[in-house]
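K.L.:
Return atomic coordinates for the entry below.
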Amino acid sequence: MKAAVIKKFGLPSVFEITDLFIPKPKANQLLVRVYATSINPIDWKQRKGNHRFILGAPFPITLGYDVCAEVVEVGSQIKMFKPGDVVFGVLDNKYGGALAEYALGTESCFALAPRNIRFEHAAAFPMVSLTALQALRDKAKLKHGMRVLINGASGGVGHIAVQMARLMNAKVIAVSSSRNQTFVESLQPDQFIDYNKQDILKTTDKIDVFFDECININSPRIKHMLNPGGIYINTLPRPKILFHKILQLFTKGKKVKTLLMKHSSDDLRIIGQWITEGKLKVELDEIFNLNNISAAHHYAEGGHSKGKNVVIIN
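P.N.:
Predicted structure coming up:
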C-alpha cells in the first residue's frame, strides 16, 4: 500500500511517499481502506517531534488520526461492523496511521459515517467534534442559558464548538479575526468579537465558560470574566496539564479544566446523528492529496485555517 511516512522528525519536507505492507488486524481491530483524513494540530506537532518523549521514535512513522474509510476486514472480536461498512472516526494507534491506503483501529474508534455528506467532509469531523463535545458536555457541563466564550471560533475545534454550544442552548460569544468574521457569524453565535479590535480580557459581561481553543490566554488572566463557579477549559498536551492545575490555586474558586479527547463510538454516533439532521456542518479550507502531504502540513501549521484541511488518500 502507498503511505506517507517520516523517518526523522522535522519540517514538512521530511515526508516520504513509500510502499508498505498492508497491516493485518488483531482480534479486536478493524482493517479499513482510508478514503480521506484531515490534519489536526497534533499531527504536525508529532511530525516535529513534540511527543517523542512520550511516544518514542518508532521510525518509519505514519501519522494521522482522522479517517473516513471502508471496512475491509474485521477481527474475531468485532461485533458492530462488517466488511463494506463506511465508517468515520479517530484511530487509536501510536501516531495514528491514517496517511496510508489502509489503517487499523479498534471498535471504539469508529461509527458508521453519515450518508448525507461526502467522504472528505466525514473525514474532517471526528477529532474536532469529539473534542468539542467532550469539552462542552463533560467538562463544562454546559446547560441552557449558560454563557460560553469560544476563543478561536474559526478553527477546527472552534467552529464545531460554536455549533454544539448552540445545540445545547447556550449563549455563545465567538472570538476570531475580522478575516473570518463572515464565516463565524454564519454559525450564528450570539456575539462576535474581533480580537484585533477588542481586547477580550476587557469584556465586561460575565461568562460561565471560557473555552480557550487557541491556548494563548492562561486561566489567571481571565478569572475576572468568570461567574462564580465558572470554568476555563483548554486542550493542552499532557506535560502542561499539571502547570494549569497549579494555576487553579490562583483563580479563587473558579475551575481550570483540561481535555484529553477520548475515543467513543457512542459520541461519534451522536455527532453522526446531528450531521444527518443538518444540525452540524464542517468547513473545509483546503483539500490536498497524499502526494502533496508536505504542502498540506505546511499550510495547516500556518495557523490561519478556516475550518479543516483534508487529505484525499483513496
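K.L.:
Give me the residue ranges of the stretch 151-300 of the chain where confidence is low.
P.N.:
236-253 (pLDDT under 70).
K.L.:
all helices of it, in order?
P.N.:
156-167, 181-185, 219-222, 238-247, 265-276, 293-301 (DSSP state H, counting those that start in this stretch).
K.L.:
of all those helices, which gets the most neighbours per residue?
P.N.:
helix 156-167 (a mean of 26; mean count of other Cβ atoms under 10 Å). For every residue, glycine as well, the C-beta is placed using N, CA and C.
K.L.:
As CSV, could you dump the C-alpha coordinates of it?
P.N.:
Written as CSV, here are the backbone C-alpha positions of helix 156-167 (Å, rounded to 0.1, in the frame of the first residue of the first chain):
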residue,chain,number,x,y,z
GLY,A,156,-11.3,23.3,13.5
VAL,A,157,-12.5,22.7,17.1
GLY,A,158,-13.7,26.3,17.5
HIS,A,159,-16.2,26.3,14.6
ILE,A,160,-17.7,23.0,15.7
ALA,A,161,-17.8,24.2,19.3
VAL,A,162,-19.9,27.2,18.3
GLN,A,163,-22.5,25.0,16.7
MET,A,164,-22.6,22.5,19.5
ALA,A,165,-22.9,25.2,22.2
ARG,A,166,-25.9,26.5,20.3
LEU,A,167,-27.4,23.0,20.1
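K.L.:
Now do it against helix 265-276, angle only.
P.N.:
For helix 156-167 against helix 265-276, the angle by axes from the mean of the first three to the mean of the last three Cα atoms, to 10 degrees is 80 degrees.
K.L.:
Now do helix 156-167: distance to the chain's middle.
P.N.:
11 Å (Cα atoms, centre = their mean, to the nearest Å).
K.L.:
Report the angle between that helix and helix 293-301.
P.N.:
50 degrees.
K.L.:
which strands and helices sit next to helix 156-167?
P.N.:
With contacts taken as 3 or more Cβ pairs under 8 Å, 6 or more residues apart in numbering; DSSP states H and E, helix 156-167 sits against helix 126-133, strand 147-151, strand 171-176, helix 181-185.
K.L.:
What separation is there between residue 208 and residue 221?
P.N.:
Per Cβ to Cβ, to the nearest Å, residue 208 is found 17 Å from residue 221.
K.L.:
per-residue confidence averaged over the strand of greatest length in the chain?
P.N.:
Longest strand in the chain by number of residues (criterion: DSSP state E): strand 29-39. Taken as a whole, strand 29-39 carries a mean pLDDT of 98.
K.L.:
residues contacting the residue nearest to the spatial centre of the chain?
P.N.:
By Cα atoms, centre = their mean, the chain has its centre lying nearest to residue 128, at 2.5 Å. Applying Cβ atoms under 8 Å, 6 or more residues apart in numbering to residue 128 gives the contacts 40, 156, 157, 160, 282, 308.
K.L.:
Give me the neighbour count for residue 215.
P.N.:
16 (other Cβ atoms under 10 Å).
K.L.:
any idea how far the closest residue to it other than its chain neighbours lies from residue 13?
P.N.:
The shortest distance from residue 215 to any non-neighbouring residue, by Cβ to Cβ, 6 or more residues apart in numbering, is to residue 234 (4.9 Å). Shown here: residue 234 relative to residue 13, a distance of 30 Å by Cβ to Cβ.
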